[in-house]
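Undergrad: Return atomic coordinates for the entry below.
(one chain, ligands or ions: 2)
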Amino acid sequence: MSPSTSTSTSTSTSTSPALRIAMLGLGSMNGAILAGLLDASVTPEQVRATTRSTATAAERAQQYGVSVLAEEDDAEANRSVAADADIIFLGVKPHGIVALAAEIAAVLKPGAVVVSVAAAISVEMLEAALAQDQPVIRSMPNTPLSVGLGVVGLVPGSHASAQDTETVAALLRASGAVHVIEESQIDALTGISGSGPAYAFYLAEQMAEAGVKLGLDRELAADLAAQTIYGAGKMLVRHQAAGTADAAALRRAVCSPNGTTERAINAFDDHGLPAAVEAAVNASAHRSAEITDELRSAD
Ligand SMILES: NC(=O)C1=CN([C@@H]2O[C@H](COP(=O)(O)OP(=O)(O)OC[C@H]3O[C@@H](n4cnc5c(N)ncnc54)[C@H](O)[C@@H]3O)[C@@H](O)[C@H]2O)C=CC1
Ligand SMILES: O=C(O)[C@@H]1CCC=N1
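TA: Ligands and ions are numbered 1, 2, ... in the order given. All right, here's what the predicted structure looks like:
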């Protein structure tokens, strides 16, 4: 890591404003990470980003107030943004990650930490594309980082020091929960928290749609669904952290014997919700592993 990085865990957050951060591929996920960082300790001056197109670069620069270069305008955009960075978030689609890592490999500062946010791209693939000893962290974040309520799994590569991992963790912890995990766990984590926000949004869509069919205004139904999922999530996190209740206990507390909720939960069971959720989580996790295999065999 660069000289601007602290040498102790306890001070890494306080010195993080000095870190220079590159966001290569400022799309949905890197944008969500950036929004979380800017809401916390990071200033726009610390960040430089890239996108593929000129139009997107202008739009994102306006949205986040950071410098954004377009690859379409400048073939050197990724290299020039990466060259002076201490932490580089690679935020393009999985099939473009290894090429992007190879593109910037020669210009990176020796201790700069490369953080991939891509599904399916292994530490080994990333390390093979970069200079020997370049610190790498494979991550699986989720988009609620944009509102300070994200979840991130981090897999440190073989050249990432404990301090490198803690520096990245401290940055991200300001906008979510950070878990340092083994790489063997990351596909399962993807199936729950990486893809998971979409499951909650899908549930909200379906709850609102059912409300509309029962005669509610669309806006009212959408608000009821959103606020209910938000409130339930907050309540669950608070109780689980305090050890006062888990999801099943909170669910049971809403279910009056022979009441409305018991009927609803029975309907979920009758329509196969547990099996559907398990199939969805497995499908996401297995797709991650499948993409890894596809990209390995394409080499
Ligand atoms: N969207 C999500 O909720 C999550 C996405 N991810 C991972 O994040 C990565 C990006 O996904 P999204 O943000 O959803 O995609 P996206 O399509 O929204 O963003 C990708 C961005 O990369 C830019 N880009 C493409 N090639 C480029 C290049 N050579 N140089 C500079 N910029 C380039 C595009 O202009 C675009 O802005 C993927 O690898 C995905 O697996 C991980 C967790 C959650
Ligand atoms: O759908 C995807 O492949 C990415 C990874 C996890 C969430 N979105």
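
Undergrad: Which residues does stretch 287-299 contact?
TA: Outside of stretch 287-299, the residues within contact range by C-beta atoms under 8 Å, 6 or more residues apart in numbering are 94, 95, 98, 119, 120, 121, 122, 125, 186, 187, 190, 191. For the C-beta atoms, the positions are set from N, CA and C on the backbone; glycine is no exception.

Undergrad: Give me the buried entries from the residues you listed.
TA: 94, 98, 119, 120, 121, 122, 125, 186, 187, 190, 191 (16 or more other C-beta atoms under 10 Å).

Undergrad: Closest residue of the stretch 151-299 of the chain to ligand 1?
TA: Per C-beta to the nearest ligand atom, residue 194 is where the stretch 151-299 of the chain lies closest to ligand 1, at 4.6 Å.

Undergrad: My understanding was that that residue contacts residue 138; is that so?
TA: No: in this structure, residue 194 is not within contact of residue 138 by C-beta atoms under 8 Å, at 11.9 Å.

Undergrad: which of those two has more neighbours?
TA: Neighbours per residue, other C-beta atoms under 10 Å: of residue 194 and residue 138, the larger number sits with residue 138, 29 against 26.

Undergrad: gap between the closest residue to ligand 1 within the stretch 101-250 of the chain and ligand 2?
TA: The nearest approach of the stretch 101-250 of the chain to ligand 1 comes at residue 118, 3.2 Å away (C-beta to the nearest ligand atom). Separation of residue 118 from ligand 2 (C-beta to the nearest ligand atom, to the nearest Å) stands at 8 Å.

Undergrad: before we move on, back to that, let me see the contact set for the residue of the stretch 151-299 of the chain closest to ligand 1.
TA: 119, 140, 141, 142, 153, 284.

Undergrad: Tell me which two in those residues are the farthest apart.
TA: For these, the farthest-apart pair by C-beta to C-beta is 141 and 284; their separation is 14.6 Å.

Undergrad: Looking at those two, which is more packed in?
TA: Comparing residue 141 with residue 284 by other C-beta under 10 Å, the one with more neighbours is residue 141, at 26 against 20.
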